[in-house]
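[1] Quick one, what's the 3D model for this:
(2 chains)
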2 protein chains.
Amino acid sequence: MRKRILNFNAGPAALPLPVLEQIQEEMLDFKGSGMSILEVSHRSKWFDDVINEAVVRTKSLLNIGDDFHVLFIQGGASLQFCMIPMNLALEGRPVDYINTGTWSTKAIKEAKGLIKDVREIASSEDKGFSYIPKDYNVDEDAAYLHFTSNNTIKGTQWAKFPDGGKVPLISDMSSDFMSRSFDVNPFGLIYAGAQKNIGPSGTAMVIIRNDMLERVPGDLPTMLKYTTFSEKNSMANTPACFVIYTINLVLKWIQETIGGLDKMEQINKEKGTILYDFIDSSGFYKGTAEAGSRSLMNVTFRLPTEELEKEFVAEALKEGLGGLKGHRSVGGCRASIYNATGVEAVNDLVGFMAEFEKKVG
Amino acid sequence: MRKRILNFNAGPAALPLPVLEQIQEEMLDFKGSGMSILEVSHRSKWFDDVINEAVVRTKSLLNIGDDFHVLFIQGGASLQFCMIPMNLALEGRPVDYINTGTWSTKAIKEAKGLIKDVREIASSEDKGFSYIPKDYNVDEDAAYLHFTSNNTIKGTQWAKFPDGGKVPLISDMSSDFMSRSFDVNPFGLIYAGAQKNIGPSGTAMVIIRNDMLERVPGDLPTMLKYTTFSEKNSMANTPACFVIYTINLVLKWIQETIGGLDKMEQINKEKGTILYDFIDSSGFYKGTAEAGSRSLMNVTFRLPTEELEKEFVAEALKEGLGGLKGHRSVGGCRASIYNATGVEAVNDLVGFMAEFEKKVG
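    The predicted model follows:
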């Protein structure tokens, strides 16, 4: 079999090899059931154990208790863009958003289609979303404050989360969820498409604080209410069983192989330091995000010319380093170094970058 | 490895063994990409080929052309219950529904929450949904006529689809999609959760006729509009890649191993005949659906007592026949014999049923 490449895709992205190997090994017979995990009923003991384990692992990793629900909802983070205002806005009160790029912009657009008083209280659009805003005033009366914790396209990340005071925070953490520890308590809701740090595509994980569930309007369509999912352990209808199964394996890997979120964060910081230090020391590569706002998940950079960027991406792939092309909306290069990408892979990347510079620079 | 059981689950359900074996074989390296199918970008050539193949196979199997779109939408058939009235109702015109059981009832409930004039033009509730209604009048002015083609819980199925005249038909075909050939042209929309006949759970396939897309209101949330999916080949956001990949493999199996939908239908008829003939010839087992309305996918039956039913299900599992318990809302027994369950498995089931009867009857 051909050697697996080093995968720097932005999402769907690299998964831990031991997780893939376990999926492969038990594909025809899940835990002695005589069935594939793709074939077991979601109402069976087998799947019940899977989803319950995934919930328990999530709560343990995030250090939260029964005041939060962990939900699995299909439709990606994009469906959450409309579910959040539908479920959590409050009559006569504004909702606040901070705009840090493409995904925030989409979330704001969906909210504006549903809610009268949507306030964009801060934005980094003035400098092409290359930084995380520092100055903003949260309306004390706001129903919630929404922000995107990490911006895959522009390569920025909130190092320290905004302070909403008494206003519940809501965050799209699709691209840095489970990459570091943080205090979940100020959050009314956290959501994350699975396909970056915790699994394959096909489900968003939604963590919702119990008091938020009281806001859910009774007259929403069943499948668009958070309560439909919280009341039935995400199984009011058939969930995305295989995705949840894989998420559970990835969470197990974070817990048992890595050793928890503090360790995960430490490794991610180490990877970021290696890559950014190299870029900063080079006159050839140039980071696109401002220094204090840099993402530890998506490292965006440019080469002197677009031709060189094309050559860089193509040459890298030949050497077994894939997914280094920047998002089509901004161009350039991007190395996504999520949880499953180890220190060694980042060292290999830096090695290749140094060699490429020497060759063409 | 333990022998795989014969899987009579209602869904998620049995998948063809060669499909599972292929998934297993290429789990670590999809087509020489050096990545798992779980890790490749949905914007890559690799995944583009997968989704395009799945669409082409669907159109070929159903014998439809460019006047239909084939879409993959997360959230199961249950999300379609609200998307259909949201997208396809017409101002000032009624929508017609035929009620044949649990799933129809849910579809009607969601429509009533969104639309003023929802007409239930026929129902088999008077006899516990044990038959398919024959007498009904479709309002010529109706925006659409909705029905459930096969009823997993009550074990009934439309042998011949209703005639809507000029009114577009809409059907939830979750449990018999791709099990037989039919004329798609009278249908404005067909939807099917994947987890019975075409794949694992985590996506609904939606087939929509182009003229229906003109009805989609502009002000719906982005992820709830059919046009969002039709305009971007189901990739406005990251789709459920692995589910679509598996669907493509199952469709390939129907085309190449089975030989198309006519052949599939022939096999399904043969399986149904074997099982119903046995039940009818037995004084011990009793079918629950009326003769002309019986499902070829979900064969529901009772034993003389509930104790015997429990014993039957437990004994069967010991012999390697799983999933024979009826739906929790109705009790009894049920053998789901979808596409992936072959004639041999049905013969084995009948053999076991005969033996069990001899032992305890």
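[2] can you list the weak-confidence ranges in the stretch 151-300 of chain A?
    Within the stretch 151-300 of chain A, no range satisfies pLDDT under 70.
[3] would you list every one of the helices in it?
    Per DSSP state H, counting those that start in this stretch, the stretch 151-300 of chain A carries helices over the ranges A:210-213, A:226-231, A:241-252, A:261-281.
[4] nearest to chain B, of those?
    Across the helices of the stretch 151-300 of chain A, chain B has its closest neighbour in helix A:241-252 (5.0 Å, Cβ to the nearest Cβ). For every residue, glycine as well, the C-beta is placed using N, CA and C.
[5] Name the residues that touch that closest one?
    For helix A:241-252, the surrounding residues in contact (Cβ atoms under 8 Å, 6 or more residues apart in numbering or on different chains) are A:15-16, A:19, A:22-23, A:37-38, A:40, A:42, A:47, A:50-51, A:53-54, A:57-58, A:61, A:72, A:178, A:194, A:197-203, A:205, A:234, A:339-340, B:12, B:38, B:195, B:200-202, B:240, B:242-243.
[6] most packed of the helices of the stretch 151-300 of chain A?
    Most buried of the helices of the stretch 151-300 of chain A by mean neighbour count (mean count of other Cβ atoms under 10 Å in any protein chain shown) is helix A:241-252; its value is a mean of 25.
[7] from the chain's centre, how far out does it sit?
    15 Å (Cα atoms, centre = their mean, to the nearest Å).
[8] Next, count neighbours for the residue nearest to residue A:219 when sequence neighbours are not counted.
    With Cβ to Cβ, 6 or more residues apart in numbering or on different chains as the measure, residue B:113 is the residue that lies nearest to residue A:219, at 6.5 Å, once sequence neighbours are left out. Residue B:113 has 16 neighbours, counted by other Cβ atoms under 10 Å in any protein chain shown.
[9] about what we covered before: apply the buried test to the contacts of helix A:241-252 and list what passes.
    The neighbour-count test (16 or more other Cβ atoms under 10 Å in any protein chain shown) marks A:15-16, A:19, A:22-23, A:37-38, A:40, A:42, A:47, A:50-51, A:53-54, A:57-58, A:61, A:72, A:178, A:194, A:197-203, A:205, A:234, A:339-340, B:12, B:38, B:195, B:200-202, B:240, B:242-243 as buried among the contacts of helix A:241-252.
[10] relative orientation of the helix or strand harbouring residue A:357 and helix A:261-281 in degrees?
    Element membership for residue A:357, per DSSP states H and E: helix A:343-360. If you take axes from the mean of the first three to the mean of the last three Cα atoms, to 10 degrees, helix A:343-360 sits at 10 degrees to helix A:261-281.
[11] I'd like to know which elements helix A:343-360 is packed against.
    For helix A:343-360, the packing partners by 3 or more Cβ pairs under 8 Å, 6 or more residues apart in numbering or on different chains; DSSP states H and E come out as strand A:6-7, helix A:261-281, helix A:306-318, strand A:321-322.
[12] Show me the strands in chain A, by range?
    With DSSP state E, the ranges of strands along chain A come out as A:6-7, A:68-73, A:95-99, A:118-123, A:145-148, A:150-151, A:156-157, A:169-172, A:187-193, A:204-209, A:286-287, A:298-302, A:321-322, A:333-336.
[13] tell me the mean pLDDT for the fifth one?
    Regarding strand A:145-148, the rounded mean pLDDT is 98.
[14] what's in contact with that strand?
    So strand A:145-148 is contacted by A:84, A:95-98, A:100-101, A:103-104, A:107, A:111, A:121, A:138, A:158, A:161-162, A:164, A:167-172 (Cβ under 8 Å, 6+ apart).
[15] Could you turn the buried ones of those residues into a ChimeraX selection?
    To isolate the buried members of the contacts of strand A:145-148 in ChimeraX, using 16+ other Cβ under 10 Å:
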select /A:84,95,96,97,98,100,101,103,104,107,111,121,138,158,162,164,167,168,169,170,171,172
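[16] Residue numbers of the stretch 201-350 of chain A in contact with chain B?
    A:201-203, A:219, A:221-224, A:236-243, A:246, A:320, A:322-323, A:328 (Cβ under 8 Å from any Cβ of the partner chain).
[17] ok, residue A:233 to chain B distance?
    Using Cβ to the nearest Cβ, to the nearest Å, we find residue A:233 at a distance of 15 Å from chain B.
[18] and if you look at residue A:123?
    21 Å.
[19] who's in contact with that residue?
    By Cβ under 8 Å, 6+ apart, the residues touching residue A:123 are A:98, A:99, A:100, A:133.
[20] Show me what it bridges to in the sheet.
    residue A:99 (DSSP bridges).
[21] And it, how far from residue A:17?
    According to Cβ to Cβ, to the nearest Å, residue A:123 and residue A:17 sit 40 Å apart.
[22] ok, now which ones touch the residue lying closest to residue A:40 once chain neighbours are set aside?
    Distances taken as Cβ to Cβ, 6+ apart place residue A:46 nearest to residue A:40, at 4.7 Å, with adjacent residues excluded. Residue A:46 sits next to A:30, A:31, A:33, A:35, A:37, A:40 when contact means Cβ under 8 Å, 6+ apart.
[23] contacting residues for the last one?
    Right, the one you point to is residue A:40. Contact analysis of residue A:40 by Cβ under 8 Å, 6+ apart lists A:30, A:33, A:46, A:47, A:241, B:9, B:12.
[24] again, 6 Å this time
    By Cβ atoms under 6 Å, 6 or more residues apart in numbering or on different chains, residue A:40 lies in contact with A:33, A:46, A:47.
[25] Restricted to helices, list those residues.
    Using DSSP state H, the subset of the contacts of residue A:40 located in helices is A:46, A:47.
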